[in-house]
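*Asks:* I'll drop the sequence and a predicted model, then ask my questions.
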Amino acid sequence: MTKFDAGEQTERAFQKQGNVFPATKRVVKSKFQKNSKGNLRQWKNVGLGFKTPKEAVEGNYVDAKCPFTGKVSIRGRILRGVIKSTKMNKTCVVRRDYLHWVTKYQRYEKRHMNFAAHLSPAFPVVKVGDEVVAGQCRPLSKTVRFNVLKVNPKGKQRLESKFRKFAKF
């Protein structure tokens, strides 16, 4: 008797990509690609100039809310921010810093806003302080309306010339 390999199965229900039949032997004019391991995998390009991560194409994970392998489309706003917390499962809190002009004093004041974003398993190593680009999608839960599309590690963040003096905050 062969041993069952759980692989990426971490939930109680069996996780699979909706359109891919996992027990198929052959592919006849399929829109699904075989990855380097020979497994069938459905993935897509989200557009807007964002590349599909290698982990989304080569990996085994199953995530229905992933913009690269799930049925979630990106539309609306594209926001940039810094990860503040990754304590939630597959979700991160992103902080956006911006300057608000106060007419009375003819000065800017610093403000910030936090929002929750779905963090796909396509980005396996993400830490607090990394810069992310998130795209708006349909509501995924009570508070989550954005999906992470790109992660820049902490050391490789870009600095806008306009806000260079506020780079620490």
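*Replies:* Noted; the coordinates are in hand. Numbers count the residues shown, from 1 in each chain.
*Asks:* Quick one: the strands in the chain, in order.
*Replies:* Taking DSSP state E as the test, the strands found in the chain are 33-34, 40-41, 78-85, 91-102, 107-118, 131-136, 144-152.
*Asks:* for the residue sitting furthest away from the middle of the chain, what are its contacts?
*Replies:* Largest separation from the mean C-alpha position in the chain: residue 104, at 40.3 Å (C-alpha atoms, centre = their mean). Under the criterion of C-beta atoms under 8 Å, 6 or more residues apart in numbering, residue 104 has no neighbours. Yep, even glycine has a C-beta here, placed from its N, CA and C like the rest.
*Asks:* and it, what pLDDT?
*Replies:* You'll see residue 104 listed with a pLDDT of 97.
*Asks:* The nearest residue to residue 45 once chain neighbours are set aside and residue 155: what is the separation?
*Replies:* Among residues not flanking residue 45 along the chain, residue 52 sits closest, at 5.6 Å (C-beta to C-beta, 6 or more residues apart in numbering). To residue 155, residue 52 is 24 Å away according to C-beta to C-beta, to the nearest Å.
*Asks:* now do residue 45
*Replies:* 28 Å.
*Asks:* List the contacts of the residue most central in space within the chain.
*Replies:* For the chain, residue 148 is the residue whose C-alpha lies nearest the centre (C-alpha atoms, centre = their mean; 2.8 Å). Listed by C-beta under 8 Å, 6+ apart, the contact partners of residue 148 are 92, 117-120, 123, 132-134.
*Asks:* repeat that with 6 Å
*Replies:* 117, 119, 132, 134 (C-beta atoms under 6 Å, 6 or more residues apart in numbering).
*Asks:* neighbours around the first one, how many?
*Replies:* Each residue near residue 117 was counted by other C-beta atoms under 10 Å, and the total is 26.
*Asks:* Surely it is in contact with residue 95?
*Replies:* No: applying C-beta atoms under 6 Å as the test, residue 117 and residue 95 come out as separate, 11.0 Å apart.
*Asks:* low-confidence ranges in the chain?
*Replies:* 1-9, 14-39, 156-169 (pLDDT under 70).
*Asks:* ok so, going back, quick one, which of residue 52 and residue 155 is more surrounded?
*Replies:* residue 52 (16 against 7).
*Asks:* For residue 114, see how far away residue 128 is.
*Replies:* 13 Å.
*Asks:* oh, I was asking about residue 46
*Replies:* 24 Å.
*Asks:* Which one's more surrounded, these two?
*Replies:* residue 46 (20 against 11).
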